[in-house]
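**Student:** here are the coordinates; sequence isn't available:
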């Protein structure tokens, strides 16, 4: 499934992430396996410290670079205009690539108040053709409103914590209104807690699918870009095997009803870490 971002660039709706995956052979093998299975979108970040492994996995995979969609992110310690440009060069070097498909501001850190100048550096990279698209992660509505009013290039997406128990309805509505895609990190909840939910388990049995496949399908049918993550080959395969079934409207509603606004990760309004 492919989505078209607001600048016309096409992006796979289901991607593979490497959060907390150790750099080296583990990352290399996971990326190669993901690409072999069919993933064409790979999501990393400077703070994950595995960009080199991602780049090696890409080079060793038997797929042309232009068929892949590679995302990385500028970390909090590198926020600021010149700092972001330098951080981008480091990420590009570690990845061993000539360009990045999507570059994101990892956190807004509003108390530091550098996210606007950081985003302006992303605009410079975009204007120079070094990235094909730019966006943000973990931005609340006020953070997005400020970018929309003070910056020139609209973010193509906002990557946030999102799962059936924290479905971010208001944020999704705002982003849809402004033609900004929402992308889910932690789509199964960190730790996979949602997979033990009785509703999810019942639907998995009904569709003869795993609980993870049911939840990933819920994201896709809600027009959410989703990043799945695993280093286990069988799970990498299973998480991609979600295109041969469709949840009914009634069953989608059952999963929608699981929302309790239960955030697992940090609140972007307060999060500050370098």
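**Tutor:** Perfect, thanks for sending it. Quick caveat: nothing in here was measured; it's all calculated off a predicted structure.

**Student:** now the helices: where do they sit in the stretch 151-274 of the chain?
**Tutor:** Counting by DSSP state H, counting those that start in this stretch, the stretch 151-274 of the chain has these helices, from start to end: 169-177, 198-207, 211-221, 233-240, 249-256.

**Student:** for these, which one sits closest to residue 268?
**Tutor:** helix 169-177 (10.6 Å; CB to CB). The way it works is simple: take the backbone N, C-alpha and C, and place the C-beta from them, glycine included.

**Student:** Report the buried residues of the closest one.
**Tutor:** 171-172, 174-175 (16 or more other CB atoms under 10 Å).

**Student:** hey, what's residue 15 bridged with?
**Tutor:** Beta-bridge partners for residue 15, by DSSP bridges, are residue 227.

**Student:** so who does it touch?
**Tutor:** For residue 15, the contact set (CB atoms under 8 Å, 6 or more residues apart in numbering) comprises 39, 41-43, 69, 71, 225-228.

**Student:** most packed of the helices of the stretch 151-274 of the chain?
**Tutor:** Most buried of these, by mean neighbour count (mean count of other CB atoms under 10 Å): helix 211-221, with a mean of 23.

**Student:** That one to helix 198-207, inter-axis angle?
**Tutor:** Counting by axes from the mean of the first three to the mean of the last three CA atoms, to 10 degrees, helix 211-221 points 90 degrees away from the direction of helix 198-207.

**Student:** So which residues of the chain form strands?
**Tutor:** Ranges of strands within the chain are 2-4, 10-12, 14-17, 41-43, 69-74, 100-105, 131-137, 157-161, 181-185, 225-228, based on DSSP state E.

**Student:** In the protein, which residue sits furthest out from the middle?
**Tutor:** Here the chain reaches farthest from its C-alpha mean at residue 206, the gap being 28.7 Å by CA atoms, centre = their mean.

**Student:** how close does that residue sit to residue 198?
**Tutor:** Distance of residue 206 to residue 198, given as CB to CB, to the nearest Å: 13 Å.

**Student:** about what we covered before: pick the one among the contacts of residue 15 closest to residue 125.
**Tutor:** For the contacts of residue 15, the minimum distance to residue 125 (CB to CB) is 13.4 Å, reached by residue 71.

**Student:** Spit out the contact partners of that closest one.
**Tutor:** Shown in contact with residue 71 (CB under 8 Å, 6+ apart): 15, 41-44, 100-104.

**Student:** Great, nothing more from me.
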